[in-house]
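Undergrad: take a look and give me a structure for this.
(2 chains)
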Protein chains: 2
Amino acid sequence: MLQDKNILILGGDNRYLHVMKKLYNECANITAVGYPEEELTGFNIERTIISDVDFSTMDVIILPVEGMDQTGEIHPYYSPQAIQLTSAMIARTPAHCTIFSGTANNLLRQYVQEADRSLVVLFERNDIAIANSIPTAEATLQIAMEQTTTTIHGSNILVIGFGRVGKTVARLFHQVGANVTVAARKDEDFARIHEMTYQSIHINNLKDTLPNIDIAINTVPTVVVGEAELAIIHRSSLIIDVASKPGGIDFETADKLGINTIHALGLPGKVAPMTAGNIIADVLITLIKRIE
Amino acid sequence: MLQDKNILILGGDNRYLHVMKKLYNECANITAVGYPEEELTGFNIERTIISDVDFSTMDVIILPVEGMDQTGEIHPYYSPQAIQLTSAMIARTPAHCTIFSGTANNLLRQYVQEADRSLVVLFERNDIAIANSIPTAEATLQIAMEQTTTTIHGSNILVIGFGRVGKTVARLFHQVGANVTVAARKDEDFARIHEMTYQSIHINNLKDTLPNIDIAINTVPTVVVGEAELAIIHRSSLIIDVASKPGGIDFETADKLGINTIHALGLPGKVAPMTAGNIIADVLITLIKRIE
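TA: Numbering: from 1, shown residues only, chains lettered A, B, ... in the order given. I've put the predicted structure just below:
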């Protein structure tokens, strides 16, 4: 239980509604900025504005998945009103106060460092990234089903990259009955791909397998499918890119060639907001319990 | 190869375009009724009207998935003009002529019997039904993903019925990481469900498991989820019914209770027409090759 913990939540999207409700069920005292009353009906959560927050009582401050911008503004999903955070506010917190944010820019890191507080960047954590790879992989499967006139069962799938997301995507499509080939680079990855009974190919040799592929799924955030690779892909193939911007596909060339290419970003929040919220909440609860 | 075989195709939907093209690639001589020119561009397939067909030369006649109606009319997907089939037409075919139809009513059976020809009802065949259970299960998974805010991984799924479709649905959701419980009736089914490492429950005791279920998938075409069962399901649960009409759910009561209930029919043709067409084509090619 998080009894007696004072938690300040500054903005956030529908995932954070699930986070707040889970924290509430753990008996935390929650103060929320940037949420309309109707979203929090039935929960004894204090709604306020940033200028009225008493930072000296806060054990935890939680920023949205997007963190704050270069001017210190947080843009809440449910309100047009930006929330202005300052280093003075952070400095007023008790020494043990921990700041959690989905992502962190240099300004946020500077604020926290100046006040000598602790910062946890949630989306840099492996536990969050691995847990999020499940809704990401399921959303990729959903897109693949929606965009094709064939079953996934029996289709030829290329997964590019074998990191936290690539591993989950490869496993899911394999489980559904696809013929999975994984493109990787490291010797240990090839050993693991073999152990998991998928086909493998070196990421520099994509051209050897692309002509036989029905769906290519990229997880690598640098361009690996360029002009030369696109030239030999079947025009009827589907490419799904789940890597962060700029992604791994030469989208302009793919577009010219008429290849169906989808850059799918932020999938967990889009297709499974409750699961995505629970993933964040579970990690938060574990970490907040550790705060002395 | 189906060289020298004369095949008459009377109506059909987009699945039959794939069927025709596969038969064409096997070098059959194809005559099609009820298709516009633009759908068959690039294929040397003769388009005609029913009154101009020379039935005396036909080795094979293929009716649509829906067969024909009680007046002998076939309703093609691509044309508003019905195709009138008569027993006299069937009687003019050579003695070895085989009639294939997705489904068959008594009138079609009577036509074929009177002429002493062979009738193959494709959708009564286990090979077709088992092959079709793959796109059906994938479509069910797609619907489940689209209708929920959580991942399938980790969710509690009840599959009602362990026939050709139930087996595939249970396996697919299990593979994706769901906790699968199968409701069955036969001792041998319970043994198989145990072997496949799913939970099981007797179909008469659904009430014992329904309160813990996130998604219930019914494959039984008689009402098994009635008022008593619906009363104890969580209002946030999802029910997907893939059984033929009338289905296995008391839809009226479910509607009154505000439970999200989807009666999903004809899934293979809707979500994976190419695969569904190939399933029909592969069985047709095998069976036509056996015609002496």
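
Undergrad: quick one: name the residues of the stretch 1-150 of chain A near chain B.
TA: Residues of the stretch 1-150 of chain A lying near chain B by Cβ under 8 Å from any Cβ of the partner chain: A:Ile134, A:Pro135, A:Glu138, A:Ala139, A:Leu141, A:Gln142, A:Met145, A:Glu146, A:Thr148, A:Thr149, A:Thr150. Heads up, the C-betas are built off the backbone N, CA and C, glycines and all.

Undergrad: just give me the neighbour total for the second one.
TA: Here the neighbour count serves as a burial measure; for A:Pro135 (other Cβ atoms under 10 Å in any protein chain shown) it reads 26.

Undergrad: same deal with the last one?
TA: When neighbours are counted by other Cβ under 10 Å, A:Thr150 registers 22.

Undergrad: residues in contact with it?
TA: Taking Cβ atoms under 8 Å, 6 or more residues apart in numbering or on different chains, we find A:Thr150 in contact with A:Asp214, B:Ala272, B:Met274, B:Thr275.

Undergrad: doesn't it lie inside a helix?
TA: No: under DSSP: H, G, I helix; E, B strand; the rest coil, A:Thr150 sits outside any helix and is assigned coil.

Undergrad: state the distance from it to B:Pro135.
TA: 8 Å (Cβ to Cβ, to the nearest Å).

Undergrad: sorry, back to before: which of the contacts of A:Thr150 ranks first by neighbour count?
TA: B:Ala272 (27 neighbours).

Undergrad: nearest spatial neighbour of it, chain-adjacent residues omitted?
TA: B:Pro135 (4.1 Å; Cβ to Cβ, 6 or more residues apart in numbering or on different chains).

Undergrad: do A:Ala281 as well
TA: Once flanking residues are discounted, A:Ala281 sits nearest to A:Lys22: 3.9 Å by Cβ to Cβ, 6+ apart.

Undergrad: where's the one you found, which helix or strand?
TA: Per DSSP states H and E: A:Lys22 is located in helix A:14-25.

Undergrad: elements contacting the helix or strand just after that helix?
TA: Next helix or strand after helix A:14-25 toward the C-terminus (DSSP H and E): strand A:29-33. When contacts are defined as 3 or more Cβ pairs under 8 Å, 6 or more residues apart in numbering or on different chains; DSSP states H and E, strand A:29-33 sits against strand A:6-10, helix A:14-25, strand A:46-48.

Undergrad: could these go into TSV alongside mean pLDDT and mean neighbour count?
TA: Formatted as TSV, those follow (pLDDT from 0 to 100; neighbours: other Cβ atoms under 10 Å in any protein chain shown):
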stretch	mean pLDDT	mean neighbour count
strand A:6-10	96	24
helix A:14-25	92	21
strand A:46-48	94	14
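
Undergrad: so where do the strands sit in chain A?
TA: Assigned by DSSP state E, the strands in chain A fall at A:6-10, A:29-33, A:46-48, A:60-62, A:73-74, A:83-84, A:98-101, A:118-121, A:156-160, A:179-184, A:199-202, A:215-218, A:238-241, A:260-263.

Undergrad: ranges for the helices of the stretch 151-292 of chain A?
TA: A:164-175, A:187-195, A:227-232, A:251-257, A:267-271, A:273-289 (DSSP state H, counting those that start in this stretch).

Undergrad: okay, the residue of the stretch 1-150 of chain A found nearest chain B: pLDDT?
TA: Chain B sits closest to A:Thr149 of the stretch 1-150 of chain A, with a gap of 4.1 Å, by Cβ to the nearest Cβ. With respect to pLDDT, A:Thr149 has a value of 94.

Undergrad: what of A:Ala191?
TA: Per the predicted model, pLDDT is 95 at A:Ala191.

Undergrad: picking up where we left off before, out of the residues of the stretch 1-150 of chain A next to chain B, which end up buried?
TA: A:Ile134, A:Pro135, A:Glu138, A:Ala139, A:Leu141, A:Gln142, A:Met145, A:Thr148, A:Thr150 (16 or more other Cβ atoms under 10 Å in any protein chain shown).

Undergrad: what's the closest non-adjacent residue to the third one?
TA: Sequence neighbours aside, B:Thr151 is the residue nearest to A:Glu138 in space, at 5.2 Å (criterion: Cβ to Cβ, 6+ apart).

Undergrad: how deep is the one you found tucked in, by neighbour count?
TA: 26.

Undergrad: same question for A:Asp54.
TA: Based on other Cβ under 10 Å, the number of other residues close to A:Asp54 is 12.

Undergrad: just the contacts of A:Thr150 now: which is nearest A:His234?
TA: For the contacts of A:Thr150, the closest approach to A:His234 (Cβ to Cβ) belongs to A:Asp214, at 7.9 Å.

Undergrad: look up how far A:Val271 lies from that closest one.
TA: 22 Å.

Undergrad: again with A:Ile49
TA: Per Cβ to Cβ, A:Ile49 is found 33 Å from A:Val271.

Undergrad: higher neighbour count, those two?
TA: Set A:Ile49 next to A:Val271 and count neighbours by other Cβ under 10 Å: A:Val271 wins out with 23 against 11.

Undergrad: how much space between the nearest residue to that one once chain neighbours are set aside and B:His153?
TA: Of all residues not flanking A:Val271 in the chain, A:Ala139 sits nearest, at 4.2 Å (Cβ to Cβ, 6+ apart). Using Cβ to Cβ, one gets 12 Å for the distance from A:Ala139 to B:His153.

Undergrad: quick one: end-to-end distance for stretch A:3-18.
TA: This stretch, stretch A:3-18, spans 18 Å end to end (Cα to Cα, to the nearest Å).

Undergrad: my bad, should have said stretch A:185-202
TA: 6 Å.

Undergrad: chain center to it, what's the gap?
TA: Centroid displacement of stretch A:185-202 relative to its chain, using Cα atoms, centre = their mean, to the nearest Å, is 25 Å.

Undergrad: ok, stretch A:159-170 next?
TA: Using Cα atoms, centre = their mean, the offset of stretch A:159-170 from its chain centre is 15 Å.

Undergrad: would you confirm that A:His75 contacts A:Asp69?
TA: Yes: A:His75 lies in contact with A:Asp69 (Cβ atoms under 8 Å); the separation is 7.0 Å.

Undergrad: still on that earlier bit, for the residue nearest to A:Ala281, which residues are in contact?
TA: Residues near A:Lys22 by Cβ under 8 Å, 6+ apart: A:Gly277, A:Asn278, A:Ala281, A:Asp282, A:Ile285.

Undergrad: which elements pack onto the longest helix anywhere in chain A?
TA: Longest helix of chain A, by residue count under DSSP state H: helix A:126-147. Counting contacts by 3+ Cβ pairs under 8 Å, 6+ apart, helix A:126-147 packs against helix A:164-175, strand A:215-218, strand A:238-241, strand A:260-263, helix A:267-271, helix A:273-289, helix B:126-147.
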